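> Model the following, please.
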Amino acid sequence: MDVWTATQISWLIVLVIMLLLFVGIGVWITGRPLGILIDSRRRISLSRFQLVTWSWLILSAIFAVAIANQTSNIVIAPDIWALMGISLGSTAGAIIIKGTQAAKQPKGKQTPMGLLYRESDSKKAALSDMFKGEEITDYNYVDITKVQMFFFTVAILLSYAWTLWSVFGTLRGQTPLSKIDFPELSDGLVVLIGISHAGYLTAKAAPKTPTA
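Take a look at the predicted model:
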């Protein structure tokens with residue numbers, strides 16, 4: 001049985017440290033361990049989940065490689081930056097769309113956040129929020145585009161994490177290294193992710209609640 005490399009061990013340690021920091025921030029701000037995923041609607045946000053998990057994976061890997069291999073010359077494949085950009089752009093787009101929806105009022109009533117449903121307390125935020133609609137007419141129903149986005153995110157995240165782990169397992173007795181290249185994703189996969197995010201944002205922007 002092979003022994004884990006210094007890079008793999010460092011990565012596990014950094015992953016745990018960053019996870020504890022994320023949990024600590026969530027508890028500090030909202031009183032909930034998952035507070036970093038809770039948005040202004042007091043609900044757990046899928047776009048926040050995507051941004052946090054990808055940041056956790058990539059940043060922890062960069063720190064671990066730099067520490068274990070004594071190099072700052074780490075080359076991240078352009079498609080990984082593209083994926084991070086898509087996640088960040090999707091989060092920004094979701095915020096803009098929610099801001100527009102919050103500025104409108106549903107027909108026949110006034111609500112604190114316009115068309116958006118808002119929980120009365122952040123303690124009511126649940127992981128199931130990531131799979132539900134956001135407006136007052138569909139907040140308690142499954143949003144299939146969110147389900148698709150969640151499974152896309154988890155599948156690609158885990159597959160890339162495994163690829164990184166395998167690459168880090170080859171870094172034996174080679175410290176310090178002059179340069180380390182992170183593995184690439186296929187172009188087709190990045191395009192598929194972009195299309196999925198575009199569909200997700202389009203569905204989010206589509207009107208579902210009659211307005212005044």
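> number of nearby residues for the closest residue to L164 other than its chain neighbours?
Spatially, and ignoring its direct neighbours in sequence, L164 is nearest to A61 (5.5 Å; Cβ to Cβ, 6 or more residues apart in numbering). Quick note: C-beta positions are derived from backbone N, CA and C, even for glycine. Look at A61: counted by other Cβ atoms under 10 Å, it has 25 neighbours.
> M113 and I62: what is the separation?
According to Cβ to Cβ, to the nearest Å, M113 stands 37 Å off from I62.
> got the contact list for A64?
Contacts for A64 (Cβ atoms under 8 Å, 6 or more residues apart in numbering) come out as 7, 10-11, 13-14, 168.
> would you say it is within a strand?
No: going by DSSP: H, G, I helix; E, B strand; the rest coil, the assignment for A64 is helix, not a strand.
> for this structure, which spans come out with low pLDDT?
The model of the chain has pLDDT under 70 over residues 1-2, 172-179, 212.
> quick revisit: right, and the residue nearest to L164 touches W11 too?
Yes: counting by Cβ atoms under 8 Å, A61 touches W11, with 6.1 Å between them.
> Overlap in contacts, the two.
164, 168.
> where along the protein do the helices fall?
6-30, 46-69, 78-102, 144-168, 187-205 (DSSP state H).
> Pull the distance from the first one to the chain's centre.
This means helix 6-30. 15 Å (Cα atoms, centre = their mean, to the nearest Å).
> What helices and strands are in contact with it?
helix 46-69, helix 144-168 (3 or more Cβ pairs under 8 Å, 6 or more residues apart in numbering; DSSP states H and E).
> name the helices or strands packed onto the longest one?
With contacts defined as 3+ Cβ pairs under 8 Å, 6+ apart, helix 144-168 has these neighbours: helix 6-30, helix 46-69, helix 187-205.
> Among the ones you listed, which comes closest to G93?
helix 187-205 (4.8 Å; Cβ to Cβ).
> Just the buried residues of that closest one, please?
189-190, 193-194, 196-197, 200-201, 203-204 (16 or more other Cβ atoms under 10 Å).
> Pull the number of nearby residues for the nearest residue to T53 once chain neighbours are set aside.
Distances taken as Cβ to Cβ, 6+ apart place L157 nearest to T53, at 5.8 Å, with adjacent residues excluded. As a burial measure, L157 scores 16 neighbours (other Cβ under 10 Å).
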